[in-house]
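S.K.: Could you look at this predicted model? Sequence included:
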Amino acid sequence: MSTQNWPQKERKLFNELLQTYEQKQLSKGKKVADQILKKYPKHGETMSMKGLIMVHLGDRTSGIALIKEGMRENLTSHISWHVWALIQKGEHNYEGALKSYLQALQFDKDNFNIIRETSVLQTHARHYDGLVESRLSMLRLRPYVRIHWLGVALAYRLSGNLVEASRVLEHIEAFLRNVPVRDPEYGELIFFHLRILEDMGELQQALTLLNNNAQERLLLDRPVVIEFRARLLGKLKSTPDADSTQMAEWTQAAEQAWRELLDLNPDCHDYYKGFLANAGVDLDHLTEESRAKALEILDEFSTKRPKATAPRRLALTIAEGEVFKELVKPYLERALQKGIPSLFSDLKKLYTNLSKRQFIEDIVEDIRSKTSPKEIGSPSESPDPTYYLWTLYFLAQHYSSLQRYDKSLEVLSTAMEHTPTLPELYMTKARVLKRAGDPYGAVRAMDDSRKLDAQDRFVNTKSGKYRLRAGMLVEADAVFVMFTKVDSPASYTAPAVDLLEMQALHYLTEVGDTQRRLGKYNLALKTYYSIQKVFQTFRSDQFDFHLYAIRKSMLGPYAAMLKWEDDLHSHPAYMHAVVSTARIWIILFDDPSVGKALQPPEPSAELSKKELSKAKKAARKATVETSQDNDDASSQKARFKPNEDKGLEPPPAKDNDPDGLKLVLADDPLERASKFLDTLGQFGKDNVDVNTTIFDIATRQKKYLKAAQALRRAHTCDPHHPEVHLRIAQFTKKVAALADSEFAVIRPVLEESLAVMKPAEVTLEVFNSQYLQLHSSSPLAVLASAKVSRSLDSSREDVENLLLTVLGDAVKLRIEDALEILSYLHIIESPRADEFRIACGDKFPLSKVFKTAEEQDILRKQCIAPKDGDDVDKDVKD
């Protein structure tokens with residue numbers, strides 16, 4: 001029944017109901033709704049409004065049921081559909097909310113509020129064609145409001161219609177009057193227009209627009225103005241239809257613009273690169289002539305700005321041979337004398353050039369010999385003690401990067417004797433020991449660094465990270481808790497809860513990896529899924545900016561934010577969490593007993609008197625705490641006002657499985673893994689790990705076409721990757737076995753796909769032998785070849801002999817690769833596993849990861865045991 005046919009009194013009541021909701025007078029609104037429903041008990045719009053108010057008041061279940069009942073009573077009411085859209089939006093079901101709003105618009109197409117909310121959801125769901133229609137409707141209804149014009153321009157830009165976006169922006173600029181000087185909102189509008197014109201290739205029009213507004217002093221951000229001018233002039237002079245006179249003018253104007261930028265920021269590498277590009281120097285394709293020209297230009301800037309580091313550093317990248325040696329020596333001396341800790345991080349990119357690396361080593365060793373004190377332990381006799389100290393610090397990092405760990409530790413020992421109170425020395429020692437395969441010594445060294453400056457959050461975080469890498473979960477939390485919330489309880493979960501709230505991805509990733517390495521798959525799954533929730537929060541957080549950005553005219557940054565959100569799932573932390581989760585699910589599918597083994601033991605039927613007494617005492621304590629919590633809840637509830645708005649978002653669901661014990665017993669592990677992988681969309685297509693994981697799941701699900709596609713993508717990414725080689729062999733055997741199965745019809749397609757990666761006439765034995773000969777110096781390739789040989793029924797002795805060849809000098813064996821090979825030897829129950837482990841311990845004398853499990857447990861306990869004379873850690877929060 002429509003309210004238009006009601007008596008005037010009831011119509012007023014319904015209007016009052018709408019007003020009370022808008023004013024958040026919820027209890028009053030509920031009473032008004034009850035009055036209407038007494039006379040019209042089946043009025044759908046009133047039922048929907050009452051249900052909405054009930055949701056706000058906290059009676060969510062009854063409220064939603066009433067809304068659905070009201071919708072059934074009146075499916076042609078825009079109010080009912082609007083109410084249901086609000087509920088869905090509160091539940092973050094944005095696609096469903098958008099459909100409801102579009103349904104509401106069918107019955108009230110000129111409702112401005114509904115159109116506005118529809119446009120927000122269309123932006124959020126990236127339905128840009130529909131967004132253009134919604135923004136045009138808003139403009140038609142309210143043509144005199146500037147932000148609606150901006151909304152149309154932005155909608156055209158997002159939908160890819162740059163011509164229409166530019167036309168609308170020109171119209172906006174034409175009707176704006178009395179713009180204040182250097183108005184930030186107007187400046188953002190012009191910059192947004194300039195980016196559109198630049199993308200369209202209308203460079204001359206963009207330059208004219210920029211110069212006109214800059215001359216009238218309407219643009220606030222001067223560096224951005226000059227950057228636009230320099231970039232546009234550089235592109236203009238490269239246009240094919242430009243004559244020589246124009247090119248000369250544009251080149252000179254661009255050079256002047258780059259010089260202005262360098263005056264503003266003489267340490268910006270991008271400005272120097274822009275200046276060099278304008279001068280005709282292509283840094284990606286240097287010739288002897290262009291190299292000399294670039295060095296001459298950079299020398300000019302270095303002389304003009306003696307305090308600027310950027311031109312000197314860029315010159316080191318460009319220079320070669322003796323010229324490099326002449327330039328790098330003063331650069332190193334200056335930085336070491338000033339004591340710049342990040343010097344090695346600055347120069348390590350040059351180490352890809354072996355001659356440059358040797359030059360740096362020779363120069364720094366020469367500085368060391370000249371600045372060394374006459375006697376160790378007497379730094380005062382050194383001509384410049386800090387100069388010598390930072391030289392040693394650089395050399396330690398240098399030798400560590402070259403995997404000369406003994407030499408690095410020797411240098412660090414000398415530095416610590418010289419200055420035993422510098423935290424950076426102990427941090428570097430920890431890094432060296434970690435790379436050398438001693439995670440427990442690394443924990444000890446990082447702890448020593450932390451104790452030198454207990455207030456440093458960065459060192460504290462590093463210390464916790466190293467403990468996690470050593471498999472010390474509880475001990476790591478004891479460190480992290482020092483910098484979490486003061487009011488958090490000092491328990492195992494305190495830092496985890498707080499760091500999850502702070503969305504600390506580095507912490508969550510390390511914790512998940514540690515739990516996975518320790519075989520605690522239940523906790524690892526919970527941690528990896530919490531990373532997914534963090535990214536879901538990132539995605540939801542953009543919702544509030546869809547209207548705000550237009551209202552504040554922040555169109556450029558807003559468009560960049562949308563692009564960042566679209567690429568969110570390409571973040572390394574997310575991709576790592578997805579792949580790790582999927583691989584855990586594969587383990588649980590292959591061996592369901594793993595999940596069962598993680599379950600806690602059943603309590604014994606008979607308890608001793610002492611245990612019974614403890615249980616009763618714990619039960620009494622829990623009863624008291626529950627009573628106190630109930631009292632607190634009751635008093636808190638008494639303080640709540642009955643009219644309090646609890647919002648439309650559902651309360652956070654209680655986690656009934658905090659330890660993931662039920663999760664690991666799920667009966668659909670492959671479906672869960674596949675669902676998580678699907679969230680990557682297109683971002684995992686060029687990632688070998690993602691594609692091989694998809695292949696593993698698809699073959700177990702007997703989705704062979706999907707498996708073939710994933711394997712082809714992995715092969716395209718890296719045809720020589722060991723994991724790709726292994727799966728080609730597995731798939732070849734799998735396809736050969738399909739001849740007499742229900743999948744025989746797709747076998748020709750699969751064989752055609754395999755032929756691209758492995759010639760059909762080549763047997764697996766030959767294919768594997770050829771791969772091994774080609775990659776005999778790669779330990780992971782040898783491991784992959786051994787796995788293939790094992791699957792081809794080679795004897796265990798042959799596989800063992802093949803794997804032990806990685807100990808030879810011809811193979812570039814890393815500690816991580818050796819551990820993978822050792823793990824496989826244990827899987828095949830090789831009697832030579834201990835032989836390989838001992839040989840690796842001899843090959844890597846500083847490593848401790850090749851000790852027995854019992855020996856590593858002792859080292860793990862010793863690495864955080866207090867040394868003689870150590871003070872007990874004080875609470876940083878005090």
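M.R.: Happy to help now that I have it.

S.K.: How about the residue nearest to the spatial centre of the chain, nearest residue that isn't a chain neighbour?
M.R.: Most central in the chain under Cα atoms, centre = their mean is residue 571, positioned 3.7 Å from the mean C-alpha point. Spatially, and ignoring its direct neighbours in sequence, residue 571 is nearest to residue 535 (7.3 Å; Cβ to Cβ, 6 or more residues apart in numbering). Every residue, glycine included, has its C-beta placed from N, CA and C.

S.K.: Then residue 118?
M.R.: That would be residue 101: by Cβ to Cβ, 6+ apart, it lies 4.3 Å from residue 118.

S.K.: Quick check: the gap between the one you found and residue 817.
M.R.: As judged by Cβ to Cβ, to the nearest Å, residue 101 and residue 817 stand 56 Å apart.

S.K.: Enumerate every residue touching the residue nearest to residue 118.
M.R.: With contacts defined as Cβ atoms under 8 Å, 6 or more residues apart in numbering, residue 101 is in contact with 81-82, 85, 114, 117-118, 121.

S.K.: per-residue pLDDT, it?
M.R.: For residue 101, the pLDDT comes out at 94.

S.K.: count of residues packed around residue 780?
M.R.: Counted with other Cβ atoms under 10 Å, the neighbours of residue 780 add up to 19.

S.K.: Oh, that last question was meant for residue 115, not what I typed.
M.R.: The number of residues packed around residue 115, counting by other Cβ under 10 Å, is 22.

S.K.: Tell me if I'm right that residue 518 and residue 471 touch.
M.R.: Yes. Applying Cβ atoms under 8 Å as the test, residue 518 and residue 471 come out as touching, 5.8 Å apart.

S.K.: could you pull out the helices for the stretch 751-878 of the chain?
M.R.: Along the stretch 751-878 of the chain, counting by DSSP state H, counting those that start in this stretch, helices occupy 764-774, 779-791, 796-803, 815-827, 833-843, 853-862.

S.K.: Can you tell me what sits against the last one?
M.R.: Residues outside helix 853-862 that contact it (Cβ under 8 Å, 6+ apart): 440, 470-472, 848-849, 851.

S.K.: Ok, the third one next?
M.R.: For helix 796-803, contacts defined as Cβ under 8 Å, 6+ apart pick out 772, 782-783, 785-786, 789-790, 821, 824-825, 828, 830, 832, 836.

S.K.: So which bits of it are buried?
M.R.: 799-800, 802-803 (16 or more other Cβ atoms under 10 Å).

S.K.: Centre of the chain to that helix, how far?
M.R.: Between the centre of helix 796-803 and the centre of its chain there are 40 Å (Cα atoms, centre = their mean, to the nearest Å).

S.K.: Kindly calculate the angle that that helix makes with helix 779-791.
M.R.: Put simply, helix 796-803 runs at 170 degrees to helix 779-791, going by axes from the mean of the first three to the mean of the last three Cα atoms, to 10 degrees.

S.K.: hang on, the earlier thing: from the contacts of residue 101, list just the buried residues.
M.R.: Neighbour counting with 16+ other Cβ under 10 Å marks 81-82, 85, 114, 117-118, 121 as buried within the contacts of residue 101.

S.K.: Can you show me the strands along the stretch 651-800 of the chain?
M.R.: Secondary structure of the stretch 651-800 of the chain (DSSP state E, counting those that start in this stretch): no strands present.

S.K.: Looking at residue 518 and residue 471, which one has more neighbours?
M.R.: residue 471 (17 against 12).

S.K.: That one reaches residue 515, doesn't it?
M.R.: No. Using Cβ under 8 Å, residue 471 is not in contact with residue 515, being 9.6 Å away.

S.K.: about what we covered before: okay if I get the buried ones among the contacts of residue 101 as JSON lines plus pLDDT, distance to residue 599 and secondary structure?
M.R.: Shown next, in JSON lines, are the buried ones among the contacts of residue 101 (pLDDT from 0 to 100; distance: Cβ to Cβ, whole Å; DSSP: H, G, I helix; E, B strand; the rest coil):
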{"residue": "81", "pLDDT": "94", "distance to residue 599": "47", "secondary structure": "helix"}
{"residue": "82", "pLDDT": "94", "distance to residue 599": "48", "secondary structure": "helix"}
{"residue": "85", "pLDDT": "94", "distance to residue 599": "44", "secondary structure": "helix"}
{"residue": "114", "pLDDT": "94", "distance to residue 599": "51", "secondary structure": "helix"}
{"residue": "117", "pLDDT": "95", "distance to residue 599": "48", "secondary structure": "helix"}
{"residue": "118", "pLDDT": "95", "distance to residue 599": "49", "secondary structure": "helix"}
{"residue": "121", "pLDDT": "95", "distance to residue 599": "44", "secondary structure": "helix"}
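
S.K.: For the residues you listed, could you give me TSV that also reports distance to residue 20?
M.R.: Formatted as TSV, those follow (distance: Cβ to Cβ, whole Å):
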residue	distance to residue 20
81	21
82	16
85	20
114	20
117	20
118	25
121	26
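
S.K.: Give me whichever of the helices of the stretch 751-878 of the chain is most buried.
M.R.: helix 779-791 (a mean of 22; mean count of other Cβ atoms under 10 Å).

S.K.: what inclination does that helix have with respect to helix 764-774?
M.R.: Using the same axes, to 10 degrees: helix 779-791 against helix 764-774 is 160 degrees.

S.K.: hmm, who's touching helix 779-791?
M.R.: Here helix 779-791 makes contact (Cβ under 8 Å, 6+ apart) with 720, 722-723, 725-726, 729-730, 733, 764, 768, 771-772, 775-776, 796, 798-799, 802-803, 805-806, 811-814, 817-818, 820-821, 824, 828.

S.K.: Helix, strand, or coil at residue 403?
M.R.: Following DSSP: H, G, I helix; E, B strand; the rest coil, we place residue 403 in the coil state.

S.K.: My error: substitute residue 286 in the last question.
M.R.: For residue 286, the assignment made with three-state DSSP gives coil.

S.K.: Backbone dihedrals for it, both of them.
M.R.: When read as degrees, to the nearest 10, the backbone of residue 286 gives phi -80, psi 140.
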